[in-house]
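S.K.: can you look at this prediction? I've put the sequence above it.
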Amino acid sequence: MKITGVQTLTSWAGLRNWVLVKVETDTELFGWGEATLEGYEDSVVACVERLATRLVGQDPLAVEHIWQQLYRHSFWRGGPVHNSALAGLDQALWDLRGKAWGVPVYKLLGGLVRQSVRLYTHVGIYQPERMVEDAQRDVADGYTAMKTGAWAGDTLLPEPERTAIFAERIGLLRQSVGPAVDIMVDDHGRGRPASALRLMRALEPFKLLFFEEAVQPDDLEGLALLRAAGPQVDLAAGERLFSKWDFRPVLEKRLVDVIQPDLCHAGGISEVKKIAALAEAYYVLVAPHNPQGPVSTAACAHLGLAIPNFLILEYVRQEPYRDQALRESWVVDKGHLEVPDRPGLGVDLDEEALRASPMRKHSGPVDCYAADGSVRDV
């Protein structure tokens, strides 16, 4: 079997554009991957097409060899665009590998260590006025964990007022869902160590599962200061780290309790499997960042079934786009994703439906400023 070509497909899905990658062969077999990167879709598509020129004629089952080639033979390597393109191709090759051998990808990764994958949803992300309504809907549907936060508009407020309003919202959410539902908070790295610590202490009464991106991803010294201050909540980070080399200092310095590699940005299944193994050596849990589409979700779920330190998986419902994209929807039961026992990643995409919702120009949350007009982190 040889690779004969690579196709890309972009599709609007309500919150973001999905960038999908299809690796074709000289047989009836093909593989799907996802390389979604909000705001940089055109750049990722161009990078996929550039990398694809190296794949034609190669054995698609040589996944590790191809990964090394695509990463190490790019002199200007790494970063979100290159590693997202690589991630999409890598996922597609794992999908092909499973189909070629007639087994689900998780069996190729070592087999089951759990029976299903626990999910958490988004409630009021970017829109706090929707938080309680979203939460009550998700609890009624059986979900047992949810995340909120990332409110860019709050940067207009003085810190004491922002902290008070933030705590009021999380208190309202806790009151709404009760003590048995896990709540996570994402602050998109908007804090400094001191301000992040004050915010986390204000949220302590609400018993968070974890607090995400307390500081910017390049501020490891700030994260170390925050860690040393001893906040009474697990720290999570990693969606903007793109390789095992990026994660190494975070793990070696024991700066977080939970890492959040994104299988669409951090080199795909091959690389995140290695990142998870590094984390296991430090007793750090893995909660993959996954606000993307059905192929990303499938890749994360197969990895989650096969690694011992998996915690929970991000899941954006994105109705009706997710169901429309899949010829056969995956079952979510009591907040857990059931992975079908089908060869490869187990996703059968409806290309016609995806093309019926063409890509839109969209850059995600922007316009994050302080009250004086100065720029703040989104």
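M.R.: Here it is on my side, so go on. The shown structure was predicted, so the numbers you read here are calculated from the model rather than taken from an experiment.

S.K.: which residue ranges of this structure form strands?
M.R.: 3-12, 17-25, 30-34, 117-122, 145-149, 182-186, 210-212, 235-237, 258-259, 285-286, 313-314, 331-333, 336-338 (DSSP state E).

S.K.: format those as CSV; extra columns: mean pLDDT.
M.R.: Formatted as CSV, the strands of the chain follow (pLDDT from 0 to 100):
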stretch, mean pLDDT
strand 3-12, 98
strand 17-25, 98
strand 30-34, 98
strand 117-122, 98
strand 145-149, 97
strand 182-186, 98
strand 210-212, 98
strand 235-237, 98
strand 258-259, 98
strand 285-286, 98
strand 313-314, 98
strand 331-333, 96
strand 336-338, 97
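
S.K.: now these as TSV including distance to A52 and mean neighbour count?
M.R.: (Each C-beta comes from the backbone N, C-alpha and C, glycine too.) Listed next are the strands of the chain as TSV, based on distance: least, Cβ to Cβ, whole Å; neighbours: other Cβ atoms under 10 Å:
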stretch	distance to A52	mean neighbour count
strand 3-12	4	18
strand 17-25	8	25
strand 30-34	11	27
strand 117-122	30	24
strand 145-149	35	25
strand 182-186	34	22
strand 210-212	34	25
strand 235-237	32	24
strand 258-259	30	26
strand 285-286	29	23
strand 313-314	28	24
strand 331-333	33	13
strand 336-338	30	17
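
S.K.: got those as CSV, with distance to A164 columns?
M.R.: Compiled in CSV, the strands of the chain are given as follows (distance: least, Cβ to Cβ, whole Å):
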stretch, distance to A164
strand 3-12, 37
strand 17-25, 36
strand 30-34, 39
strand 117-122, 23
strand 145-149, 15
strand 182-186, 15
strand 210-212, 17
strand 235-237, 22
strand 258-259, 27
strand 285-286, 31
strand 313-314, 28
strand 331-333, 35
strand 336-338, 36
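
S.K.: which of those sits closest to Q58?
M.R.: When these are ranked by proximity to Q58, the top entry is strand 3-12, at 5.2 Å, counting by Cβ to Cβ.

S.K.: other SSEs contacting the closest one?
M.R.: Where contact means 3 or more Cβ pairs under 8 Å, 6 or more residues apart in numbering; DSSP states H and E, strand 3-12 is packed against strand 17-25, helix 41-52, helix 321-325, helix 351-355.

S.K.: just those: most buried one?
M.R.: strand 17-25 (a mean of 25; mean count of other Cβ atoms under 10 Å).

S.K.: got the angle for that strand vs strand 30-34?
M.R.: Per axes from the mean of the first three to the mean of the last three Cα atoms, to 10 degrees, the angle that strand 17-25 makes with strand 30-34 is 160 degrees.

S.K.: strand 17-25 pairs with which strands?
M.R.: Using DSSP bridges, the strands paired with strand 17-25 are strand 3-12 (antiparallel), strand 30-34 (antiparallel).

S.K.: mind checking how far the first one is from the chain centre?
M.R.: Offset of strand 3-12 from its chain centre (Cα atoms, centre = their mean, to the nearest Å): 21 Å.

S.K.: show residues contacting that strand.
M.R.: Strand 3-12 is contacted by residues 17-26, 35, 41, 45, 48-49, 52, 55-60, 89, 92, 321, 325, 351, 354-355, 357-360, 362 when judged by Cβ atoms under 8 Å, 6 or more residues apart in numbering.

S.K.: try it again at 7 Å.
M.R.: Identification of contacts with strand 3-12 by Cβ atoms under 7 Å, 6 or more residues apart in numbering yields 17-26, 41, 45, 48-49, 52, 55-58, 60, 351, 354-355, 357-360.

S.K.: for L303, which of the strands of the chain is the nearest?
M.R.: Per Cβ to Cβ, nearest to L303 of the strands of the chain: strand 285-286, 8.2 Å.

S.K.: can you list contacts of that closest one?
M.R.: Under Cβ under 7 Å, 6+ apart, the answer for strand 285-286 is D257, V258, I259, A276, A279, I307, N309, F310, L311.

S.K.: please name the residues that touch the closest residue to V21 other than its chain neighbours.
M.R.: Leaving aside its sequence neighbours, V21 sits nearest to G88 (Cβ to Cβ, 6 or more residues apart in numbering; 3.7 Å). Counting by Cβ under 7 Å, 6+ apart, G88 touches V19, V21, G33, E34, A35, V48.
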